[in-house]
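Student: Requesting a structural model of the entry that follows:
(chains A and B)
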Amino acid sequence: MSTRLATGGRLIDRTTPQSFTFNGRSMRGYKGDTLAAALLANNQMLIGRSFKYHRPRGVVGSGVEEPNALVNLGTASRLEPNQRATTTELFDGLTAVSQNHWPSLDFDIGVLNNYAARMLPAGFYYKTFIHPRAFWKHVFEPIIRQSAGLGRAPTEVDADRYEQAYGFCDVLVAGGGIAGLQAALSAAKAGSSVILMEQAPNWGGRAPVDGDLIDGQSAEAWVAATVATLSAMPAVTLRLRTTVAGVYDHGYVLADERVADHTPGDGRPRQRLWRLRVGRIVAATGAIERPLAFAGNDIPGVMLASAVRDYVSNWAVSPGDRTVVVTNNDDAYRTALALKSAGLEVPVILDARATATGDLPMRARAAGIRVETGRAIASVKGGKRVTGVSICVQAGEGAVLEEIACDAVAMSGGWSPVVHLYSHCGGKVIWDETLAAFVPDTSRPPINHDGRALVTCTGAAAGVFDAGCAIAQATDVGAGVMPLPTEKHTSGIQPVWVMPQGAGIKLRSKMWLDYQNDVKVSDVQLAAREGYESVEHTKRYTTLGMATDQGKLSNITGLAVLANALNTTIPDVGTTTFRPPYTPVTLGALAGEARGEIFQPLRRTPMHDIHEKSGAYFEPVGLWRRPYCFPKAGESRVDAVTREVNNTRQTLGLLDASTLGKIVVKGPDAGSFLDMLYTGVMSTLPIGKCRYGLMCNEQGFLSDDGVVARLDADTWLCHTTSGGADRIHAWMEDWLQCEWWDWQVYTANLTEQYAQIAVVGPNARKLLQALGGMDVSRDALPFMGWADGTLAGFAVRVYRISFSGELSYEIAVAASHGAGFWQACFEAGKAYAAMPYGTEALHVMRAEKGFIMIGDETDGTVIPQDLGLAWAISKKKLDYLGKRGQERTHLASPDRWQLVGFETLDGSVIPDGAYVVADGSNANGQRKTQGRVTSTYRSPTLNRGIAMGLLHNGPNRLGEVVEFNTVTAGTVKAKVVDPVFVDKGGEKQNV
Amino acid sequence: MSDPVSALGGAAFTGFADIKEIGPLGMITLRAKTDAAGLQSAINSCVGTGIPESRQILHNSVRSAAWMGPDEYLLILPYVETDAAIAAITRLMAGSHHLAVCVSDARAMFRIEGAKADQVLAKIAPVDLRALQEGEMRRTRAAQVAAALWREHDGISLVCFRSVAQYVFDILRVSARDGSEL
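Tutor: Down below sits the predicted model:
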């Protein structure tokens, strides 16, 4: 059984016990434990079920590489699935639930899949997608959905906040082991600013566990001293619990800091995503031990040899009383020695190599441990935990020589340098025969903008495993000096991947490569037999390395098996691509602060607060929020809109038009510039006057519209649509900066400088006169004129323009006075029953007048000529943006859908988006169409449905009755009419 | 006419740094080429500084001139002075192609103060604050919106568009919450 040892544990604080639950069972651990260590200390070996076959699984590793020990961590608003128990710090009150089990972890019905393993071979999905077709939908998919899957997705809103932060440095060191610490020290001494990030909550990496000596000091003492030195250096920033997740071009790096994962609910942001821009990166990311492929290597209790000694040394946890060590290299002997010195039994070390004569094997023998060379595990005994191993000759086919009882197996297939960060931006790796591992090819690093290496590996990540050599190399790498080739200290590894060498299919079908995705040696071999030669194809066909651990354990062994099956070598097979992130980054961290109120910026007009207080119902217009209508208590929105239209047409309405784009254009060439931008002529507009204008893109399609006012000899003010202000300003600057750079024109976007209020209705002038201060009479300020002056003491500019057909003034006042002026208008407007109206009333009134709306009547395929706006296009001008586009045959053709009005025969409202149907069907069996509705409303003024729309040759078909489709069934009949429904002569606005 | 009202009426928040909205301030966008005749005297007459160099902000007591682009300057001065200043620019740059407009009301301005003020900004603006010197004008973004910032009086001044003042205040407030120091 696994248990807590009476003494030891360099990372735990036995004076601070902590309680937690696993699957509802109360357990105890210590501060400093990982969840995995605490579970093992409580003899909880079985932690989850595998993805596909629901096999019992336990802890394999002790770090980020862990494929099995994934849990649902936390509950309710703090539930997070797929959390690695090996990297989860224990805290008091932690709640974890195992994943992928049903009905319970101990008795799982899905384990039947295990017996049906032959039914789920490699490429199962691809095969069943194809044949038999109906089976996929009705048989396979429902079964797989029921049984497969990892954690449960949270259903509640995340209780925590996340944030992001920007950082800059000359040298980023990823990894706080001895190589990383030394590289950081060396870089800082060379005058660089340094950020050092370590994913674990403690410094030092493996060296303290492995008992390395540095300059005659213990690694532990050296690490403490070096961290103290670094902490005192002002140009060095140290961050624990921070994983460098991804390296991108130009020294851009993402790193995930787990600020409060271990202190949930303390008010701090849970995680912080660092967005770094760095000069260069030192990857001191260490190495990950590889499993060996033998039958039953996934049974709980079979662990990486390094993990076994981590648990003993770091957390004083014994994975078992009797541990068999199986290896192809010397390094695993450290585990045997560590177990022995902790007073635990190591019945045998099975070494696949013919001889083992290194220092470590000799020390093991001297310690009295039985060492058997040329031996392998034929199979592991046990179900939910290891009960023993049967031993065979590595060179044979698995005939059992001996059975040994044990409760844990420590395996080592050698070490793989963590070259991920080196590879993210294209650094190449090379196969090192003596290490039997891919190491960074220092002649082909990822290249920075200056042609120098963006990432350099050091220490174990560079294949340098000896502490002394790693320190020497890290000193050079940290200082930016090309390190001298180091003496190779190998563990005498022999590239043994599968044991025994001649294992038959029965054994190979029980040898797991990818624990998390349940990929076995036999699956990769099947893929090779079926013709998958490329490693990338094999990966996808078998799903090897595609789980949340991204093949950190399975990669190399899988490649080796594939190479063997293809009768080639590992370097010939090559690796799959390492892509960011190195370990999963939660979506919350990627979203950062952007949630709730600050999910996106909301633009507010100066009167926004007043609208809110008066109960406005808002709608989004770009990032603005505009009042759609102002419902009174108990009033529906439809009724509110009707009331607002009627009140405006009958007496007085006020609209917050502040969002309207206002761009000032000034200069000796401003007139010619505007003549190019607008389809009409703006250069001839007299000072003091306004003119309606259309803007098209180069293709000729209508892009924006608005009223232009001539302010003085060389200054114009261009009003744009609310959503178009920034776009049109950028459009102007684009032409001025890139095409007509020698024209003397300056623009400025003054949209937010002014609050703008439309005063609309028969009593509009009376209100302005009541406010007092300037002459707004018909003669002094005629239709399409503007004037500067004061109203009620406010400095204003008054434009006499109308988008409703009523007598109407738009009044611009400095935004800082907007709220005050708005209130002054209502105060004075009480006498005329003034009411605010919203965007819907605005839309209805303009539709009653047949005024087009950008985005309703236009959709990027409509030209002004389609909308009966040929009058706003100058025939005299040589050129304007869109002119040549509009001359293309299809656009110049009279045979187009063109604007008309529609009146339903029964007075109903045509559904939004309805098409005018035509006779017959097209090649796809769809009803043919001859037009569509673009704006459709109930007109309060006419008390019936009115609509505008585009109809094939529409203006020639007035009086004709056409049919619109509906969503439900049948059609609506409507008469084709002129689009101006109210006050055709324009008498109301011209009083 | 009532007193001008800034976007948030002087909202303030104290976390690990002090955030407050200030204003209204007078601001003028002045567009002209660096060598435009009269530019130097126009800037000098409005704010009493020279022409700021690329990415520079010059101060003269409560008045400042900032470089916003190769042909754009921002003049900061008391709110009530803008009309007179624009009139002066128009007079001094007569015959010289330029544009001078009041943008006082189009902007909101914040002060971020305290020993850890930089950390607040480091969470929302992609700026290397270690390298931001006194006298440097930095046009950047604050989370999702445009912003400009500079060091002044042991703190940072940040200007953004008026319509997003509440958003900027909220991201500053969230970023300055106690316990979230970098």
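
Student: Surely residue A:687 and residue A:715 touch.
Tutor: No: when contacts are counted by C-beta atoms under 8 Å, residue A:687 is not listed as touching residue A:715 (9.1 Å). Placement of C-beta: from N, CA and C, glycine included.

Student: any chance you could map the helices in chain B?
Tutor: Per DSSP state H, chain B has helices spanning B:39-47, B:82-92, B:117-122, B:165-175. These are given in chain order.

Student: closest to residue A:408 out of the ones you listed?
Tutor: Closest approach to residue A:408 among the helices of chain B (C-beta to C-beta): helix B:117-122, 47.2 Å.

Student: which strands and helices sit next to the closest one?
Tutor: Contact here means 3 or more C-beta pairs under 8 Å, 6 or more residues apart in numbering or on different chains; DSSP states H and E; on that basis helix B:117-122 packs against strand A:162-174, strand B:155-161, helix B:165-175.

Student: buried residues in the helix or strand that the first one is followed by?
Tutor: Using DSSP states H and E, the helix or strand that directly follows strand A:162-174 along the chain is helix A:178-189. By neighbour count with 16 or more other C-beta atoms under 10 Å in any protein chain shown, helix A:178-189 contains the buried residues A:178-188.

Student: Present these as a markdown table; the columns should include distance to chain B.
Tutor: As requested, the buried residues of helix A:178-189 are exported to a markdown table (distance: C-beta to the nearest C-beta, whole Å):
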| residue | distance to chain B |
| --- | --- |
| A:178 | 26 |
| A:179 | 26 |
| A:180 | 21 |
| A:181 | 21 |
| A:182 | 24 |
| A:183 | 21 |
| A:184 | 18 |
| A:185 | 20 |
| A:186 | 21 |
| A:187 | 16 |
| A:188 | 15 |
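
Student: So which of residue A:687 and residue A:715 has more stuff around it?
Tutor: The residue with more neighbours, out of residue A:687 and residue A:715 and counting by other C-beta atoms under 10 Å in any protein chain shown, is residue A:715; that gives 17 against 12.

Student: ok, for that one, nearest residue in space, not its chain neighbours?
Tutor: Here the nearest residue to residue A:715 in space, its sequence neighbours aside, is residue A:666; by C-beta to C-beta, 6 or more residues apart in numbering or on different chains that works out to 4.4 Å.

Student: That neighbour against residue A:717, yeah?
Tutor: No: counting by C-beta under 8 Å, residue A:666 sits too far from residue A:717 to count as a contact (9.6 Å).

Student: which residues of chain B score low on pLDDT?
Tutor: B:1 (pLDDT under 70).

Student: Now do the strands in it.
Tutor: Here chain B has its strands, by DSSP state E, at B:12-14, B:18-22, B:26-31, B:57-60, B:63-69, B:72-77, B:99-102, B:107-113, B:138-142, B:145-152, B:155-161.

Student: Adding mean neighbour count and distance to residue B:175, write those out as a markdown table.
Tutor: Supplementary listing: those in a markdown table, determined by neighbours: other C-beta atoms under 10 Å in any protein chain shown; distance: least, C-beta to C-beta, whole Å:
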| stretch | mean neighbour count | distance to residue B:175 |
| --- | --- | --- |
| strand B:12-14 | 14 | 10 |
| strand B:18-22 | 19 | 9 |
| strand B:26-31 | 24 | 25 |
| strand B:57-60 | 19 | 23 |
| strand B:63-69 | 20 | 24 |
| strand B:72-77 | 22 | 24 |
| strand B:99-102 | 22 | 31 |
| strand B:107-113 | 23 | 9 |
| strand B:138-142 | 19 | 9 |
| strand B:145-152 | 19 | 13 |
| strand B:155-161 | 22 | 12 |
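
Student: okay, the ones you listed in CSV with distance to residue A:591 next?
Tutor: Written out in CSV, the entries for the strands of chain B read as follows (distance: least, C-beta to C-beta, whole Å):
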stretch, distance to residue A:591
strand B:12-14, 22
strand B:18-22, 22
strand B:26-31, 33
strand B:57-60, 33
strand B:63-69, 31
strand B:72-77, 33
strand B:99-102, 38
strand B:107-113, 23
strand B:138-142, 17
strand B:145-152, 17
strand B:155-161, 21
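
Student: Those: which one's closest to residue A:247?
Tutor: Distance to residue A:247, taken as C-beta to C-beta, is lowest for strand B:138-142 among the strands of chain B, at 23.5 Å.

Student: Not counting that closest one itself, show me its contacts.
Tutor: With C-beta atoms under 8 Å, 6 or more residues apart in numbering or on different chains as the test, strand B:138-142 has contacts from B:55, B:68, B:124-127, B:132, B:146-150, B:158, B:160, B:168, B:171-172.

Student: okay, the angle between it and strand B:107-113?
Tutor: For strand B:138-142 against strand B:107-113, the angle by axes from the mean of the first three to the mean of the last three C-alpha atoms, to 10 degrees is 90 degrees.

Student: what are the pairing partners of strand B:138-142, and which direction each?
Tutor: Using DSSP bridges, the neighbouring strands of strand B:138-142 in the sheet come out as strand B:145-152 (antiparallel).

Student: how far off strand B:72-77 does the partner strand point, in degrees?
Tutor: Here strand B:145-152 points in a direction 60 degrees away from that of strand B:72-77 (the same axes, to 10 degrees).

Student: List the buried residues in stretch A:484-500.
Tutor: Going by neighbour count (16+ other C-beta under 10 Å), the buried part of stretch A:484-500 is A:486, A:490-500.

Student: same check, this time on stretch A:524-538
Tutor: In terms of neighbour count (16+ other C-beta under 10 Å), stretch A:524-538 has its buried residues at A:524-528, A:532, A:535, A:538.

Student: Likewise for stretch A:237-250?
Tutor: Within stretch A:237-250, the residues scored as buried using 16+ other C-beta under 10 Å are A:237-247.

Student: Pick out the residue nearest the middle of the chain.
Tutor: No chain in the question, so chain A it is. With distances taken as C-alpha atoms, centre = their mean, the residue of chain A nearest its centroid is residue A:590 (5.6 Å).

Student: Correction: the question concerned chain B.
Tutor: Judging by C-alpha atoms, centre = their mean, chain B has its centre closest to residue B:159, at 4.5 Å.

Student: does it really touch residue B:145, like I thought?
Tutor: No: because the distance of 11.2 Å does not satisfy C-beta under 8 Å, residue B:159 is recorded as not touching residue B:145.

Student: And the strands in the stretch 51-200 of chain A?
Tutor: For the stretch 51-200 of chain A, the strands identified by DSSP state E, counting those that start in this stretch occupy A:56-58, A:70-73, A:80-84, A:94-98, A:162-174, A:194-197, in order along the chain.

Student: cool, and the stretch 751-900 of chain A?
Tutor: With strands called from DSSP E, counting those that start in this stretch, the stretch 751-900 of chain A shows them at A:754-760, A:786-791, A:794-799, A:808-814, A:835-836, A:897-904.

Student: re the thing from before, among the helices and strands packed on helix B:117-122, which comes closest to residue B:12?
Tutor: Checking the helices and strands packed on helix B:117-122 against residue B:12 by C-beta to C-beta gives helix B:165-175 as the closest, at 9.2 Å.
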